[in-house]
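Novice: Fold the following for me, if possible:
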Amino acid sequence: MNCVRSVFLLSCLWLSSSAGDSSNPLLVELPIGQLRGRDNGNYYSFESIPYAEPPTGDLRFEAPEPYKRQWTDTFDATQPPVLCLQWDQFTPGDNKLVGDEDCLTVSIYKPKNSSRSSFPVVAHIHGGAFMFGGAAQNGHENVMREGRFILVKISYRLGPLGFASTGDTDLPGNYGLKDQRLALQWIKKNIHHFGGESENIVLIGHSAGGASVHLQLLQEDFGQLARSAISFSGNALDPWVVLQGSRGRALELGRILGCGQLDDSVLLKSCLKSKPASEVVTAVRNFLIFSYVPFAPFGPVVEPDYDGAFLTQAPEDVIKSGKFGQVPWAVTYVTEDGGYNAALLLEESYPGGPTLIEQLNDRWFDWAPYLLFYRDTKRTILEMDDYSRKLRQEYLGDRRFNVENYWDLQQMFTDVLFKNSTQDSLELHRKYGKSPSYAFVYDNPADRGIAQVLTQRRDVNFGTVHGDDYFLIFENVVRDPQLRPDEERISKNFIKMLADFATSEMGFLTFGDCTFKDNVGSEDFVLLSITRDGCENKQFKQFP
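Specialist: Predicted coordinates for the structure are as follows:
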């Protein structure tokens with residue numbers, strides 16, 4: 001009798017425990033098993049959830065395979081996402097190798113908000129020139145404090161592991177972009193388990209993340225994965241995004257790693273798979289002319305047309321075909337975006353030596369094609385030199401490169417690397433798009449931004465530089481963590497803008513008291529100008 005009573009009591013305790021677990025917000029049931037997250041005070045986090053099989057061994061340099069393992073134990077989702085293996089520009093010292101090859105995860109952050117049972121979703125692709133960066137480097141405290149949406153951060157392969165390509169079907173490249181797409185499919189399928197609204201997803205990214213967003217949108221079925229998208233300071237037409245000359249770099253990568261003078265993609269791929277991942281990524285330093293130039297030696301490419309290809313036409317041609325995701329899209333830039341790249345030239349060439357900008361006077365024709373990404377787009381050396389000469393004359397005239405003329409050089413970088421192609425992409429979308437296309441320009445300098453961090457100089461007026469807007473939403477070590485009152489207001493407006501864009505059935509986009517104007521079918525460009533004083537729609541024949 002006592003035994004029966006004991007069994008009964010144990011059964012009751014088990015049922016009570018099970019009922020408690022089912023109501024535990026930190027435990028989430030997925031089709032492959034249960035995971036446990038973390039309580040962070042005002043939000044829950046579920047981090048480092050694998051969406052793909054580890055891209056190691058035979059799966060290196062292959063399209064990602066969906067994660068198919070079943071969890072028998074509760075998966076620990078309390079560990080922050082690791083960096084994908086990379087040669088990181090912002091790691092000090094000569095050895096810039098950081099990260100892990102096994103890194104294909106999503107991390108989910110859910111606000112505590114008793115007024116609602118479900119949330120719209122913001123899927124986030126980090127930037128870093130397709131070479132470095134990571135999900136964990138973009139903070140989420142500002143976003144979670146507002147409590148308006150679930151945030152999902154995507155990790156994807158970078159550098160040669162993510163983008164090495166021989167231009168054929170044996171080593172086609174774009175593995176990082178294929179990772180992103182698989183992650184989006186995972187989010188669409190699984191986010192409801194976390195309280196996310198799978199029909200209300202907006203995809204956003206900054207810099208290479210913004211270009212990635214645009215490239216994802218160029219997939220014809222993108223509308224099945226997200227309701228809308230925003231590309232901050234990066235789009236598919238930027239000259240550093242879709243690269244030419246990838247085969248030569250892939251073959252050179254093999255030569256550097258001891259594969260010999262191979263010209264066979266199958267043999268090259270086999271050899272690269274046999275090398276330690278750390279050696280493959282460390283080889284990046286051999287492609288840098290000086291400092292971290294060019295900042296994107298490996299990146300997206302146009303692939304041959306085969307089953308499983310991600311991009312088989314130049315982005316311009318995809319847009320002109322009209323066969324892309326017809327969802328509301330916004331593209332942006334800041335007034336001095338090029339400060340991120342130009343600021344590198346204020347470094348000393350060696351301790352106590354001339355600055356790189358002064359050396360540029362003698363090295364302009366050598367360095368400019370790498371700095372501004374036209375090395376592989378010109379047919380002859382003469383054509384390349386003519387373009388270099390034209391650029392220098394347009395922005396500097398007969399003046400020499402020096403610190404006093406830095407602002408003009410920075411404007412050149414802004415125009416060539418960011419602004420001109422933002423206008424070009426918007427022009428194509430307003431001609432060939434069917435869904436709204438929006439744009440804004442941001443002009444409100446941070447007290448300390450990425451240019452000051454790179455140069456350690458406070459005596460140069462850099463203006464509003466790359467990331468001064470985006471890092472108001474997602475905190476980053478390259479800008480001041482303490483926001484000014486005007487920045488706090490702008491941050492809140494940006495966060496509300498994202499939440500509203502994710503749920504707008506009509507595709508409307510608003511910022512504060514301003515409603516964006518659609519550029520599709522518009523005779524002039526319509527940009528929302530955002531400054532510390534407010535916002536205003538302005539019309540332009542050409543971007544300011």
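Novice: contacting residues for the residue nearest the centre of the chain?
Specialist: Taking CA atoms, centre = their mean as the criterion, Gly209 is the residue nearest the geometric centre of the chain, at 1.6 Å. By CB atoms under 8 Å, 6 or more residues apart in numbering, the contact set of Gly209 is 124-128, 133, 232, 234. All C-beta atoms are positioned from the backbone trio N, CA, C, and that covers glycine.
Novice: between those residues, which is closest to Phe516?
Specialist: In terms of CB to CB, no member of those lies closer to Phe516 than Phe232, at 14.2 Å.
Novice: Could you give the number of residues near the closest one?
Specialist: Phe232 has 26 neighbours, counted by other CB atoms under 10 Å.
Novice: Quick check: Pro544 vs Gln423, distance?
Specialist: 10 Å (CB to CB, to the nearest Å).
Novice: Between these two, point out the one with more neighbours.
Specialist: Applying other CB under 10 Å to Pro544 and Gln423 shows that Gln423 carries more neighbours, namely 20 against 11.
Novice: residues in contact with the helix or strand that contains the more buried one?
Specialist: For Gln423, the enclosing helix or strand under DSSP states H and E is helix 420-432. Contacting residues not belonging to helix 420-432 are listed as 214, 235-239, 315-316, 319-322, 329, 331-333, 437, 439, 519-522, 525, 542-543 [CB under 8 Å, 6+ apart].
Novice: Go through it and flag the buried ones.
Specialist: 420-430, 432 (16 or more other CB atoms under 10 Å).
Novice: Tell me the spacing between the closest residue to Asp337 other than its chain neighbours and Gly162.
Specialist: Nearest non-adjacent residue to Asp337, counting by CB to CB, 6 or more residues apart in numbering: Phe418, 3.9 Å away. Separation of Phe418 from Gly162 (CB to CB): 22 Å.
Novice: Wait, a helix at the residue nearest to Asp337?
Specialist: Yes: assigned with DSSP: H, G, I helix; E, B strand; the rest coil, Phe418 falls within a helix.
Novice: confidence score at it?
Specialist: pLDDT for Phe418: 98.
Novice: what's near enough to touch it?
Specialist: Contacts of Phe418 by CB under 8 Å, 6+ apart are 233-234, 238, 333, 337-338, 466.
Novice: Also Arg379?
Specialist: Going by CB under 8 Å, 6+ apart, the list of residues near Arg379 is empty.
Novice: again with Asp385
Specialist: With CB under 8 Å, 6+ apart, Asp385 has these contacts: Phe365.
Novice: Repeat that for Val293.
Specialist: Here Val293 is in contact with 344, 367, 370-371 (CB under 8 Å, 6+ apart).
Novice: That one bridge partners, please.
Specialist: Beta-bridge pairing for Val293 (DSSP bridges): Phe290.
Novice: what separates it from Asp468, distance-wise?
Specialist: 22 Å.
Novice: Identify, among the helices and strands of this structure, the element with the weakest mean pLDDT.
Specialist: The weakest-scoring helix or strand in the chain, judged by mean pLDDT, DSSP states H and E, is helix 2-22 (a mean of 42).
Novice: Which neighbouring elements make contact with the helix or strand containing Arg363?
Specialist: In the assignment (DSSP H and E), Arg363 maps to helix 356-371. Helices and strands touching helix 356-371, by 3 or more CB pairs under 8 Å, 6 or more residues apart in numbering; DSSP states H and E, are helix 381-396, helix 406-414.
Novice: So which bits of it are buried?
Specialist: Result for helix 356-371 [16+ other CB under 10 Å]: buried residues 356-360, 364, 367-371.
Novice: quick one: which of those residues is nearest Ala446?
Specialist: Distances from Ala446 to the buried residues of helix 356-371, taken by CB to CB, are shortest for Ile357, at 22.2 Å.
Novice: tell me the contacts of the closest one?
Specialist: 345-346, 401-403, 406, 409.
Novice: Swap in 10 Å and give it another go.
Specialist: 342-347, 349, 400-406, 409 (CB atoms under 10 Å, 6 or more residues apart in numbering).
Novice: Buried only: go through those for me.
Specialist: Judged by 16+ other CB under 10 Å, buried ones among the contacts of Ile357: 342-347, 349, 401, 406, 409.
Novice: tell me the secondary structure for the nearest residue to Phe130 once chain neighbours are set aside?
Specialist: Computed as CB to CB, 6+ apart, the closest residue to Phe130 that is not its neighbour in sequence is Gly299, at 4.2 Å. Of the three states, Gly299 takes coil according to three-state DSSP.
Novice: what sits against Gly299?
Specialist: Counting by CB under 10 Å, 6+ apart, Gly299 has contacts 129-131, 158-159, 162-163, 165, 173-174, 176-177, 208, 211, 240-243, 246, 373.
Novice: Same question for Tyr395.
Specialist: Tyr395 touches 405, 407-413, 415-416, counting by CB under 10 Å, 6+ apart.
Novice: Send me stretch 145-161 as PDB with only the CA atoms.
Specialist: Only the C-alpha atoms of stretch 145-161 are listed here, as PDB (Å, rounded to 0.1, in the frame of the first residue of the first chain):
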ATOM      1  CA  ARG A 145      14.200  48.100 -23.900                       C
ATOM      2  CA  GLU A 146      11.500  49.300 -26.300                       C
ATOM      3  CA  GLY A 147       9.900  45.900 -26.300                       C
ATOM      4  CA  ARG A 148       8.300  46.200 -29.800                       C
ATOM      5  CA  PHE A 149       9.500  43.100 -31.700                       C
ATOM      6  CA  ILE A 150      11.400  39.900 -31.600                       C
ATOM      7  CA  LEU A 151      14.900  40.200 -33.000                       C
ATOM      8  CA  VAL A 152      16.600  37.400 -34.800                       C
ATOM      9  CA  LYS A 153      20.400  37.700 -35.600                       C
ATOM     10  CA  ILE A 154      21.800  35.600 -38.400                       C
ATOM     11  CA  SER A 155      25.300  34.200 -38.600                       C
ATOM     12  CA  TYR A 156      26.800  33.300 -41.900                       C
ATOM     13  CA  ARG A 157      30.100  32.200 -43.500                       C
ATOM     14  CA  LEU A 158      32.600  35.000 -44.300                       C
ATOM     15  CA  GLY A 159      35.700  35.600 -46.300                       C
ATOM     16  CA  PRO A 160      37.100  32.800 -48.400                       C
ATOM     17  CA  LEU A 161      35.100  30.200 -46.500                       C
END
